[in-house]
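Colleague: Show me how the following folds:
(chains A and B)
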Amino acid sequence: MTDVVIKEDQVLDCSGMLCPMPVVKTSKAMKELQSGQILKMVATDPGAPPDMEAWSRQTGNELLRSMVDDGKFIFYLKKK
Amino acid sequence: MSKSDPNAPKRLALIASKGTLDWAYPPFILASAAGAMGWEVGIFFTFYGLTLLKNDLTASVSPLGNPAMPMKMPFGPEGFQNINWAMPNILMANVPGFESVATGLMKQTFKNKGVASIDELRQVCVDMDVKMIGCQMTMDVFGFKREDFIKECEVGGAAMFLEYAADAEVQLFV
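Modeller: Below is the predicted model:
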């Protein structure tokens, strides 16, 4: 799964922000997308991975992939 | 205000009872995070917490009588920033302006670390249609007027909040 390339429709950079802003900004950005579209979110907050998992479960927007790259946390979220 | 629809979103009911800068954070952070997850949120602002609904937000913090509060400097090298400046109460109580200095330092430290300000978080809550209820009794006791508070808030009492909280999955007192 991890070697499959995911093509995002929108990118949101939450670098430097702490809780709850990555979740708040993600929620806002998702509202702009159509069902099935993908948001790539980048964060530096170490609390982001568990928070994004919970956010995904609570909102029903699928977390396609969660990864760490060069000290940044990257999430691919599919709008339900 | 009770939930009649069984498919209605989850609901969070918060009581914000403290108005200092440090205690202003938890209710606004929890409310905005819940709102971001699609939950319905209501906050009852009572006693000193009511001041968080004022048009002019002036929340400050005092390390006096707040022994667990770390006193950190928001500038200088990392080792310097990590020092906890233990201050004796006698000093904090007698140096004029100590509280405004402590408030400034906390605001700057939070800003440097990437934490949103209370003003920003409150605006996020307003934009998310978080239900904010100002306590009528507290207004009467402290002599506040409706126009001292943001227009987005409602004014009510304990029964109004309890009816809302009765249908909430999560209820917290801050």
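
Colleague: In chain B, what residue spans correspond to helices?
Modeller: B:21-36, B:78-81, B:89-94, B:98-113, B:118-127, B:136-142, B:158-166 (DSSP state H).

Colleague: okay, now the residue nearest to A:Ser35 when sequence neighbours are not counted: neighbour count?
Modeller: Excluding its sequence neighbours, the residue lying closest to A:Ser35 (Cβ to Cβ, 6 or more residues apart in numbering or on different chains) is A:Lys79, at 5.5 Å. For the C-beta atoms, the positions are set from N, CA and C on the backbone; glycine is no exception. Around A:Lys79 there are 20 other residues, counting by other Cβ atoms under 10 Å in any protein chain shown.

Colleague: was I right about A:Lys79 contacting A:Ser27?
Modeller: No - using Cβ atoms under 8 Å as the test, A:Lys79 is too far from A:Ser27 to be in contact (11.2 Å).

Colleague: What lies in contact with the worst-scoring helix or strand of chain B on mean pLDDT?
Modeller: The weakest-scoring helix or strand in chain B, judged by mean pLDDT, DSSP states H and E, is helix B:89-94 (a mean of 82). For helix B:89-94, the external contacting residues (Cβ atoms under 8 Å, 6 or more residues apart in numbering or on different chains) are B:62-65, B:98.

Colleague: How far off centre is that helix?
Modeller: Remark: helix B:89-94 is offset 26 Å from the chain centroid, using Cα atoms, centre = their mean, to the nearest Å.

Colleague: buried ones in it?
Modeller: B:Met92 (16 or more other Cβ atoms under 10 Å in any protein chain shown).

Colleague: Next, the residues that contact the helix or strand hosting A:Asp51 from outside, please.
Modeller: Here A:Asp51 sits within helix A:48-59, counting by DSSP states H and E. Identification of contacts with helix A:48-59 by Cβ under 8 Å, 6+ apart yields A:14, A:19-20, A:22-23, A:26-27, A:30, A:41, A:43, A:45, A:61-63, A:66, A:73, A:75, A:77, A:80, B:10, B:33, B:36-39.
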